[in-house]
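> Sequence first, then the predicted structure:
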Amino acid sequence: MNTRWIISFFVVTSLLTGCASSKSGEVYSRDQARQAQTVQLGTVEFVKEVQVEGSRSGVGAAAGGIIGGVAGSTIGGGKGSTLAALGGAIGGAVIGNVAEEKITDFDGLEITVKLDSGNVLAVVQKNDVLFAVGERVRVLTGRDGVTRIEK
């Protein structure tokens, strides 16, 4: 296996996993740290498992295209190598796009909460904390509009 191909693979993998931000109610971004949040109390009325689709930022396609092009360029010589590199780049871009979407999708929960104020809201977040109907929860909303439900 070509060293350039191996290096390209690890660069692409790092880019894809680095671009995936967490949608967990338990994870805060750097910008959310030390920021005031509005807190509302309420009761869980409904919980539904959902699938949250992955991102299509173009990073996967670009990275896949680079890997495919590098891998294809090692096939044959002359014009054959150029055509193989082009075919590898196109195929790699398609595969990279699909890979990015699959790597960044996740299982989520749609949690409907009746707030003590009487308002009802639903929030979708990563399925990493279980919520039960009737459970008391806190609904936190930051200045950036990001809302999460916590126990």
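On my side now, so go ahead. Numbers count the residues shown, from 1 in each chain.

> Which neighbours in the sheet does the helix or strand Gly108 falls within have, and how are they oriented?
For Gly108, the enclosing helix or strand under DSSP states H and E is strand 106-115. Under the criterion DSSP bridges, strand 106-115 sits next to strand 37-52 (antiparallel), strand 120-126 (antiparallel) in its sheet.

> would you list the ones you listed in a markdown table and tack on mean pLDDT and distance to Ile103?
Bear in mind the C-beta positions are built from the backbone N, C-alpha and C, glycine included. Conversion of the strands paired with strand 106-115 to a markdown table gives the following (pLDDT from 0 to 100; distance: least, C-beta to C-beta, whole Å):
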| stretch | mean pLDDT | distance to Ile103 |
| --- | --- | --- |
| strand 37-52 | 94 | 13 |
| strand 120-126 | 95 | 15 |
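
> In contact with the residue nearest to Val133 when sequence neighbours are not counted: list those residues for me.
Nearest non-adjacent residue to Val133, counting by C-beta to C-beta, 6 or more residues apart in numbering: Val44, 5.5 Å away. By C-beta atoms under 8 Å, 6 or more residues apart in numbering, the contact set of Val44 is Ile111, Thr112, Val113, Phe131, Ala132, Val133, Gly134, Glu135, Arg136, Val137, Ile149.
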